[in-house]
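Asker: My questions are about this predicted structure, shown below with the sequence.
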Amino acid sequence: MSKNGITAGEKVYYDISDAGAKKTYRGQPWMWVLRDTVQFSKNLADVEERLNAAKRTMMIHTGWGSAADNSFRGADYSKNWVKFYDDKSWISDFNDAHPQMDGIFFYDKFVQPSYNQCLGSILEENYGKITPELIYRDAAGYHATGDTQVVVMDPAGE
């Protein structure tokens, strides 16, 4: 988390049929774009502006939190576009495996959109009582070790 209260997360993005995401090796390395966006953005509007202005290279799913906005966004990031999501919108229609829940946005570990019910069912079952401990102890524990990174941040410092 930056001193401005901006947080970032990322996961691999395998293009789904007809999405049209492209990649290139010419441009700004994605990890530098994420680093600069966290370091220099003051809010989600700055995040969106920086991601759109970047000479993007790879295809990744990203997640952004902002203490200043008390909000978050997901973004699919590729050479040819950036698409932003929140708790009301997603890559595809919400479904039983990826339910819509106010105040919650997530990508699970599988190709998106995933129809794996694991993470969605844990979040839905605990909706309204989700804590950092639930995320790192219970939700993360259902994924195999070695291919999962869990970071729990509290931009409000509570």
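Answerer: Nice, I can see it.

Asker: Identify the residues contacting the most centrally placed residue in the chain.
Answerer: The centroid of the chain falls nearest to G63 when counting by CA atoms, centre = their mean (2.5 Å). By CB atoms under 8 Å, 6 or more residues apart in numbering, G63 lies in contact with T7, A8, G9, E10, F72, R73, G74, A75, F105, Y107. (Each C-beta comes from the backbone N, C-alpha and C, glycine too.)

Asker: 10 Å instead?
Answerer: 7-11, 72-75, 85, 105-107, 151 (CB atoms under 10 Å, 6 or more residues apart in numbering).

Asker: On the three-state scheme, it is what?
Answerer: The three-state assignment at G63 reads strand, by DSSP: H, G, I helix; E, B strand; the rest coil.

Asker: re the thing from before, filter the contacts of G63 down to the buried ones.
Answerer: T7, A8, G9, E10, F72, R73, G74, A75, Y85, F105, F106, Y107 (16 or more other CB atoms under 10 Å).

Asker: Beta-bridge partners for the fourth one, please?
Answerer: The reference is to E10. Legend: beta-bridge partners of E10 under DSSP bridges are T62.

Asker: same question, the fifth one
Answerer: When bridges are assigned using DSSP bridges, the partners listed for F72 are G65.

Asker: in this protein, what spans have low per-residue confidence?
Answerer: Applying pLDDT under 70 to the chain flags residues 16-18, 142-149, 154-158.
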